[in-house]
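Chemist: Structure for this input, please:
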Amino acid sequence: MATGSLSAGLDPGQLARIRMLQPQAISDGTRVKYKREWQRFVAFCEETGAEFLPAHPVTVAAYFEAAAADGKDDSGTPYASNTFNGWLAAIDKMHQLGGLPKPSDSAEVEATMAGLRRTDGRELRRMPALLLEELRHLVRAIDIRNYPRAVHGVRDYAIIVMGFAGAFRRSELAALTIGDVTLHEDDGLRLRIRKSKTDQERRGRTKALPYGGTPATCPVCAFIRWMQLTEAITSARPRIAAMKLLATFDVDVHACAKGLDDPHDPIYWADPLPSWRRLPKRMPLFRPISTGGKIFRDTPISGQVVQDAVVRHALAAGLDAKHYGGHSLRAGFVTFALHKGLGLHQIMRQSWHTTERTLEVYSRKDAPLDNNAVTQIGLQESSLSARDCCRLG
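Modeler: Here you go, the predicted model:
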């Protein structure tokens, strides 16, 4: 391999430690994806008799041409451009780790990818946004009162409302522990995100989820209900404790406002350590739940659980479940913020997008008339909507 000369003179133990560190430069999820996509490329090369490391640019170009010609994903839909970008990233990474030139730097591969994008003619497939009104409709369809189904419901309610308010990625929600979340009388919730897609070095950052004006979509209320239920499930008589607690839940009443004056309320703010805040700080915040309502104590959920929760409750709310998924929460926050006229920098403060160009995609796709000159050139009366203008005409 081309890296042999670079290892000359190094102690074998030191070289081994370097090789162990290198895979840690990318997240576990990305590493799994790269491995899967690399195996796909290797299978193609073995079938065609081509070398895969290093891969000739023409081999890489042929790989993508063949996939575009007759390939389809698991749902039977032709591959989109963003799928091919992920495949090429995996091929590049394996060459980079081997000290070899990245195929994407080749003019041959670059031209092929550009040609595929032009002839494909389809936009990148992105999960549609779940907007605020849809969110309100969705959460009201969640059962948070009837045991044992409501155990799932209370957890999913918190995942969905907190996910929207924080513009979270699925992986960020799944990785939260109880100790990562603190109540703040002024800010609502403060969440320590120990690692995210844009913070692979684990420096950690803090997000705040403010109190919601409407109880049904208040992230603090959703969190408090889930913590109360978590504590009840860990009691000596979990079923009875959970059933009694669930009977008191009401999405039209602010759970976060209780206890301000009543020292006997379970959310009494003057108590620095109420019972539900004595749960182990390293315990995953969101955990898998059995059909019987049992919460698995030390196991975190996966990002797929977030996806499944949104789809399941969208279906229950009568929404088209095919159009929603875990990323719809994050996309919904960004799209609604753009619609409200908020600046890109303000949105990035919460979403942690690294470039404004990424946010512009949401603007073009989900809010094409926001900040668009066509609404200001006199085609409609300023006090009327476009639909009203047409009716008057």
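Chemist: which ones are touching the closest residue to Leu245 other than its chain neighbours?
Modeler: Using Cβ to Cβ, 6 or more residues apart in numbering and skipping residues adjacent in sequence, the residue nearest Leu245 is Ala232, 4.8 Å away. Where C-beta positions appear, they are placed from N, C-alpha and C, glycine not excepted. By Cβ atoms under 8 Å, 6 or more residues apart in numbering, the residues touching Ala232 are 238, 241-242, 244-245.
Chemist: again, 6 Å this time
Modeler: 241-242, 245 (Cβ atoms under 6 Å, 6 or more residues apart in numbering).
Chemist: Let me know the closest of those residues to Trp87.
Modeler: Ala242 (46.2 Å; Cβ to Cβ).
Chemist: Which of the helices or strands spans the closest residue to the closest one other than its chain neighbours?
Modeler: Sequence neighbours aside, Ala232 is the residue nearest to Ala242 in space, at 4.9 Å (criterion: Cβ to Cβ, 6+ apart). If you go by DSSP states H and E, Ala232 is part of helix 219-233.
Chemist: Show me how far the following helix or strand past that helix is from its chain's centre.
Modeler: Beyond helix 219-233 on the C-terminal side, the first helix or strand identified by DSSP H and E is helix 238-246. Remark: helix 238-246 is offset 31 Å from the chain centroid, using Cα atoms, centre = their mean, to the nearest Å.
Chemist: repeat for stretch 219-239
Modeler: On the basis of Cα atoms, centre = their mean, stretch 219-239 sits 24 Å off its chain's mean C-alpha point.
Chemist: Please apply the same query to stretch 31-46.
Modeler: 24 Å.
Chemist: which parts of it are buried?
Modeler: Going by neighbour count (16 or more other Cβ atoms under 10 Å), the buried part of stretch 31-46 is 33-34, 37-38, 41, 44-45.
Chemist: Could you export the residues you listed as JSON lines, including secondary structure?
Modeler: Compiled in JSON lines, the buried residues of stretch 31-46 are given as follows (DSSP: H, G, I helix; E, B strand; the rest coil):
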{"residue": "Lys33", "secondary structure": "helix"}
{"residue": "Tyr34", "secondary structure": "helix"}
{"residue": "Glu37", "secondary structure": "helix"}
{"residue": "Trp38", "secondary structure": "helix"}
{"residue": "Phe41", "secondary structure": "helix"}
{"residue": "Phe44", "secondary structure": "helix"}
{"residue": "Cys45", "secondary structure": "helix"}
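Chemist: What distance do you get for Lys294 to Gln350?
Modeler: From Lys294 over to Gln350 the distance is 34 Å, taken as Cβ to Cβ, to the nearest Å.
Chemist: How about Glu134?
Modeler: From Glu134 to Gln350 the distance is 19 Å (Cβ to Cβ).
Chemist: neighbour count winner among Lys294 and Gln350?
Modeler: Higher neighbour count among Lys294 and Gln350: Gln350, with 19 against 15, using other Cβ atoms under 10 Å.
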